[in-house]
Every structure is written in structure tokens, then in C-alpha cells.
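Novice: no sequence for this one, just the structure:
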């Protein structure tokens, strides 16, 4: 799904962050908390890389791709 990423932790966090973003925006309607979390995570390279990919690719697309691996 993300050939340019070789580190397993980053791959796991990409999906986790995409789901986290969807929950905060669509369910909890709390964009402020999302912004705080993303800002804080900039201090951690693995989290930062995962958030960068989520922002670049789009969290909904990532979630849909992830679901396609498990829901047939």
C-alpha cells in the first residue's frame, strides 16, 4: 500500500492516524484536538512521517484502502 515506507511502525501509524483523524473530525467534531495532536506529534519522527503521509494521501483514501484488504 505504501511502497516508499519500509519501517513497519510507520506503516502501522499511517492507518492508526487516518482512523484517528476520521474519528476526531466526523464523529467528535473536534478539529482543535486533532490539530493539537498533529502538532505535538511533530516532535517524533515516526509519528511525523505517518501524519505527513496521511495529510498527503488523505485519511479517507487510506481508510478505504485498508478496508479493501479485509472486507471482500
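Specialist: Everything's here; your move. Only a predicted model underlies this, so the values are computations on that prediction, with no experimental measurement involved. Residues are numbered from 1 along each chain as shown.
Novice: Sort out which residues of the worst-scoring helix or strand of the chain on mean pLDDT are buried, please.
Specialist: Lowest on mean pLDDT, DSSP states H and E among the helices and strands of the chain sits helix 59-70, with a mean of 93. For helix 59-70, a neighbour-count test (16 or more other CB atoms under 10 Å) marks 59, 62, 63 as buried. Every residue, glycine included, has its C-beta placed from N, CA and C.
Novice: same check, this time on stretch 39-58
Specialist: 41, 47, 49, 50, 51, 53, 54.
Novice: Pick out the most distant pair among the residues you listed.
Specialist: 41 and 53 (12.5 Å; CB to CB).
Novice: Can you report how many residues neighbour residue 27?
Specialist: The number of residues packed near residue 27 is 8, by other CB atoms under 10 Å.
Novice: Tell me the confidence at it?
Specialist: Here, the pLDDT recorded for residue 27 equals 97.
Novice: and if you look at the one 3 residues further on?
Specialist: The score at residue 30 is 98. That number is its pLDDT.
Novice: ok, and what's touching the helix or strand harbouring residue 40?
Specialist: Per DSSP states H and E: residue 40 is located in helix 31-41. By CB atoms under 8 Å, 6 or more residues apart in numbering, the residues outside helix 31-41 that reach it are 20, 21, 24, 25, 47, 48, 51.
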